[in-house]
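Asker: A structural model of the following input is requested.
(chains A and B)
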Amino acid sequence: MSLSAPAAARPAPPMRLLKRVAAYGQEFILLGAIAALFIIVGIISPRFFGANNISNIFAGNAYIAVAAIGMSLVIISGHIDVAVGSLIGVLATISGLLAVNGYPIWLAWLAPVVIGMIVNAGVGSLVAYLRIPSIVVTLGMLSILKGGLISVTSGAWITNLPEDYLIAQFRLLGVPSPVWFMVILTALVAVWMRYSSFGRTIYAIGGNVEAARVAGIQVERSTVIVFAIHGAFAGIAAVLFATQLQVIQSTVPPNLELTVITASVVGGVSILGGTGTVIGSTLAAILFAAIASSLIFLNVSAYWLRSVQGLLILITVLADMARRRRLR
Amino acid sequence: MQPILALDGVSKSFAGVHALKNVSFDVRPGEVHALMGENGAGKSTLIKVMAGVHAPDSGEIRVNGEVVRFASPREARAAGIATVYQELLLFPELSVAENIFLGHAPRTTMNALDWPKMRNEARRLLDDLDSHDLDVDARVGSLSVANRQRVEIAKALSQDARVLIMDEPTAALADADARRLMDVVRRLRDRGVAIVYVSHRMPEIFALATRVSVLRDGAYVGTSDIGDITEAELVSMMVGRPVDQLFPKANTEIGATVLELRNVGYRDEIENISLTLRAGEIVGIAGLIGSGRTELALTMFGITPATSGEILLDGKPIAITSPKQARDLGIAYVPEDRGLQGLIKSQTIRENLSLSLLDRISTASIINRAKESSLARELIKRFGIRARGPEQRVRQLSGGNQQKVVLAKWVATEPRVLIMDEPTRGIDVGAKAEIHALMSRLAGQGLAVLMISSELPEVLGMSDRVLVMNNGRIVAEFARAHATPDSVGAAMMQTQTLAEVA
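Answerer: Alright, predicted model coming up:
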């Protein structure tokens, strides 16, 4: 079993650049779409570039991008979570209640992350060890969390949040903290997914779970870990969401889970599992926020946002199918 | 006689890759024209061009001497060209009659479906195929593969097919069913249907075909009357070089016992399995499908951990409870179905090759990409995997090359025991010989190999010892010298009768 030195010819630089563009097709398309949108809307309505608006686009929606990171891992591994919106709502409420009831601020920030991990590790265990389809488990979870949240809070808002608890309103170097969270977490996870053996394992499980098992990968354990990581990201998203305003509304934007799933899918994560990147899902989350904001500036009803998102899903799936066909 | 369907200088490429290069092919009424070639030679593409699925980039197609252009499979069918694909395209929830007439059902004057006529016509078509026992009202999902295939053929004939293209029709059939299918093919031929017949099975080709054409790497190699060619000549046409030795098991020194099973069982699927595997030895397992061969492999690899008995590695008792543990103990498993259990088809060759040894090429769980790439390039070279490079996706490879990827992936873990279940199923002669040579070389390097195969010649040619399984037990053992088709075959048959009596 000798290892001989390979004498492989590396493609010339321009070819390599082209290959890279092809490999990250979806990400470049999204980047182009965001740039085009900014330019067009900026020309029609120059106020679009007002400092507050751009910062709103990025900061106000960063929690969606953060949640979409975890969601992307779950979808890449071949599963789905339709309960993430309710989970974020519950975790945000827990965080807020801890903060107003005099518990240490760090606990109010950390508890949602830990609880999110534990809850979703439970979900992951049901999926992995009892072989219940993730859509069924998380549909159940959706009802439990939503019902529990309304029963406990009776829909009351949490007010009088301590000033130093509102982490989403902090700024570093003039940039709102949610943007830092979004950028740093996306970069870390992107690198980790690409270069770590666990990242490779997630892609392998989503690509062909039986082959992964035969290759000696501990499929059940890995699935639980993926769900737990997703829970942690939901916890971070919950803290960013809870500390955005001076009050916590004990509800989350309707269909938040769909927005998160849509960001993953439009970001290029195959709904069948096995492919996609978190850079794509974050770019898609930014694109949605930019579209929502543009609709306001163009005086179009915000209700169109849903339709636009739906359209983007269809376009993405069609483009994905076309690409697959070409590869075959 | 004038050909009913003729292709002249047809070329077709996909994304810049030539699948067909200037291929000419024709078929006449009342003949079986066999189409052969290794996997990836272009047979499937050629079939799809004839069936109207792909339009050729250049060259022409003539039906009865007239140039045609098929815009869709529907137009090809209208011209009398029907295709029975390897994967049958039937609707399991519909009845036999409904499947046969789907899309062109007979109508009454009121334009409603004419059920009595449909059922009668279906009956007549099936009777023509000598399938009197097949109920036209049966749900297709409840039928055996052989019967579903007859439904598919009846469906083709229901549209007055004058040309019938059959893509490996016997690949999924047991011997008796395959013989019945060949009778059907002869019957259709005698009725004047022109048949294009794709198969890897040599005996079938020589029993059925009038002429045979060979493709290699997308190019047309030649056509011959079946009487003017020998099997060896045909193989060398396909492979492009003479394949002198199909089963090159070299004599190697057989060393110490590596793995030993004592009275191992799993639930009621396998019972009382005792066997030893020695370094440098290839042990073949023969047996019919369902005899417990694959179940034994699954238990030895920890997918279905043994529920009774003892397993010893180097004389020390061990428990194998998961594939990960088996792998870490130095056991490798090349599974029966490479698509289902062997490969992540959405990933690249590099990613597939490193999947079983990610721990070994990672530092602090970060994959060393340089190491991974050089490993992939080295394995591609050593196993002769024909690919554009390590970054090609495995789904784009031919069956034989995919199998080499699975084998390479496991050999890279430097195992001591290699379990191979159907190592050459569905791959062509050339790749098969290469895999056999690789197996022999690995045994020569001191690996203990357990090979399960449905092909008796493969078992007999490759094995130092042959074990025969039936009904979940090992019922006979032969040393290489005593393992003849008669002795092993008789043991298999005898046990079969015993099993039926029991």
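
Asker: any idea of the mean pLDDT in stretch A:188-199?
Answerer: Averaged over stretch A:188-199, pLDDT sits at 93.

Asker: now the strands for chain A?
Answerer: Per DSSP state E, chain A carries strands over the ranges A:171-172, A:175-176.

Asker: can you list those in TSV and add mean pLDDT?
Answerer: Compiled in TSV, the strands of chain A are given as follows (pLDDT from 0 to 100):
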stretch	mean pLDDT
strand A:171-172	83
strand A:175-176	84
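
Asker: out of these, which comes closest to residue A:53?
Answerer: strand A:175-176 (12.8 Å; C-beta to C-beta). (C-beta placed from N, C-alpha, C; glycine too.)

Asker: parallel or antiparallel, which strands does the closest one pair with?
Answerer: strand A:171-172 (antiparallel) (DSSP bridges).

Asker: so, low pLDDT: which residues of chain A?
Answerer: Residue ranges of chain A with pLDDT under 70: A:1-24, A:51, A:320, A:322-328.

Asker: quick check, central residue of it?
Answerer: Among the residues of chain A, the one closest to the centroid is residue A:68, at 0.8 Å (C-alpha atoms, centre = their mean).

Asker: so which of the strands of chain A is the most packed in?
Answerer: strand A:175-176 (a mean of 18; mean count of other C-beta atoms under 10 Å in any protein chain shown).

Asker: which other residues reach it?
Answerer: A:55, A:58-59, A:62, A:168-170 (C-beta atoms under 8 Å, 6 or more residues apart in numbering or on different chains).

Asker: residue B:83 contacts residue B:156, correct?
Answerer: Yes: counting by C-beta atoms under 8 Å, residue B:156 is a contact partner of residue B:83 at 7.2 Å.

Asker: any residues touching stretch B:3-14, and which ones?
Answerer: A:328, B:18-29, B:45-46, B:49-50, B:54, B:56-65, B:80-81, B:162-163, B:194.

Asker: put the buried members of those residues into a PyMOL selection.
Answerer: Buried residues among the contacts of stretch B:3-14 (16 or more other C-beta atoms under 10 Å in any protein chain shown), as a PyMOL selection:
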select buried, chain B and resi 18+19+20+21+23+25+26+27+28+29+45+46+49+50+54+56+59+61+62+63+80+81+162+163+194
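
Asker: so what's residue B:46 up against?
Answerer: Residue B:46 makes contact with B:7, B:10, B:20, B:23, B:25, B:35, B:215, according to C-beta under 8 Å, 6+ apart.

Asker: that one should be in a helix, yeah?
Answerer: Yes: the assignment for residue B:46 by DSSP: H, G, I helix; E, B strand; the rest coil puts it in a helix.

Asker: mind pulling up the pLDDT for it?
Answerer: At residue B:46, pLDDT is 91.

Asker: what's the spacing between it and chain A?
Answerer: 17 Å (C-beta to the nearest C-beta, to the nearest Å).

Asker: what of residue B:103?
Answerer: Counting by C-beta to the nearest C-beta - residue B:103 and chain A are separated by 24 Å.

Asker: near that residue, how many other residues are there?
Answerer: Residue B:103 is flanked by 9 other residues according to other C-beta atoms under 10 Å in any protein chain shown.

Asker: go on, residue B:98?
Answerer: Neighbours of residue B:98 using other C-beta under 10 Å come to 21.

Asker: which residues are in contact with the residue nearest to the centre of chain A?
Answerer: A:260, A:263-264, A:267, A:278, A:281-282, A:284-285 are the contacts of residue A:68 under C-beta under 8 Å, 6+ apart.

Asker: count the residues that sit near residue B:107.
Answerer: Neighbours around residue B:107, by other C-beta under 10 Å: 12.

Asker: same check on residue B:477?
Answerer: 14.

Asker: does residue B:38 belong to a helix, a strand or coil?
Answerer: Quick answer, by three-state DSSP: residue B:38 is coil.

Asker: quick one on the thing from earlier: just the contacts of stretch B:3-14: which are in helices?
Answerer: B:45-46, B:49-50 (DSSP state H).

Asker: OK, contacts around the nearest residue to residue B:173 once chain neighbours are set aside?
Answerer: Of all residues not flanking residue B:173 in the chain, residue B:146 sits nearest, at 5.5 Å (C-beta to C-beta, 6 or more residues apart in numbering or on different chains). With contact taken as C-beta under 8 Å, 6+ apart, residue B:146 is in contact with B:173-174, B:177, B:180-181.

Asker: so where does residue B:146 fall, helix or strand?
Answerer: Secondary structure from DSSP states H and E places residue B:146 in helix B:145-157.

Asker: buried set for that helix?
Answerer: B:146-157.

Asker: which one of these is nearest chain A?
Answerer: Set against chain A, the nearest of the buried residues of helix B:145-157 by C-beta to the nearest C-beta is residue B:152 (23.3 Å).

Asker: quick check: that closest one touching residue B:82?
Answerer: No: Residue B:152 is not in contact with residue B:82 according to C-beta under 8 Å; the separation is 9.4 Å.

Asker: about what we covered before: need the buried ones from the contacts of residue B:146 selected in PyMOL.
Answerer: In PyMOL, this line selects whichever of the contacts of residue B:146 come out buried by 16+ other C-beta under 10 Å:
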select buried, chain B and resi 173+177+180+181
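
Asker: quick one: which of the contacts of residue B:146 sit in helices?
Answerer: B:177, B:180-181.

Asker: in JSON lines: those, plus pLDDT.
Answerer: Below are those laid out as JSON lines (pLDDT from 0 to 100):
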{"residue": "B:177", "pLDDT": "78"}
{"residue": "B:180", "pLDDT": "83"}
{"residue": "B:181", "pLDDT": "85"}
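
Asker: for chain A, what is the nearest residue in the stretch 401-502 of chain B?
Answerer: residue B:414 (6.1 Å).

Asker: what's the burial count for that residue?
Answerer: Neighbours around residue B:414, by other C-beta under 10 Å: 13.

Asker: for residue B:466, see how far away it is.
Answerer: Plainly put, residue B:414 is 27 Å away from residue B:466 if you go by C-beta to C-beta, to the nearest Å.

Asker: now do residue B:116
Answerer: Distance from residue B:116 to residue B:466, by C-beta to C-beta: 56 Å.

Asker: do you know how far whatever residue of the stretch 51-200 of chain A ends up closest to chain B is from residue B:284?
Answerer: Residue of the stretch 51-200 of chain A nearest chain B, by C-beta to the nearest C-beta: residue A:197 (3.9 Å). In this view, residue A:197 and residue B:284 are 36 Å apart by C-beta to C-beta.

Asker: repeat for residue A:149
Answerer: 63 Å.

Asker: so between those two, which is more surrounded?
Answerer: Taking other C-beta under 10 Å, residue A:149 and residue B:284 do not tie; residue B:284 has more neighbours (27 against 22).

Asker: any common contacting residues for residue B:83 and residue B:156?
Answerer: residue B:164.

Asker: show me the shaky parts of the stretch 351-500 of chain B.
Answerer: B:493-500.

Asker: contact distance from chain A - what residues of it qualify?
Answerer: Contact residues (C-beta under 8 Å from any C-beta of the partner chain) of the stretch 351-500 of chain B with chain A: B:351, B:354-356, B:358-359, B:362, B:365-367, B:369, B:373-375, B:377-378, B:381, B:389, B:393, B:395-396, B:409, B:411, B:414, B:445.

Asker: now the residue of the stretch 151-300 of chain B at minimum distance from chain A, nearest residue through space, not along the chain?
Answerer: In the stretch 151-300 of chain B, the residue found nearest to chain A is residue B:298; the distance is 9.6 Å by C-beta to the nearest C-beta. Counting by C-beta to C-beta, 6+ apart, the nearest residue to residue B:298 once its immediate chain neighbours are dropped is residue B:304, at 4.6 Å.

Asker: does residue A:297 touch residue A:43 like I think?
Answerer: No: if you go by C-beta under 8 Å, residue A:297 and residue A:43 don't touch, sitting 11.3 Å apart.

Asker: and these two? which has more neighbours close in?
Answerer: Legend: neighbour count by other C-beta under 10 Å for residue A:297 and residue A:43, higher for residue A:297 (16 against 9).
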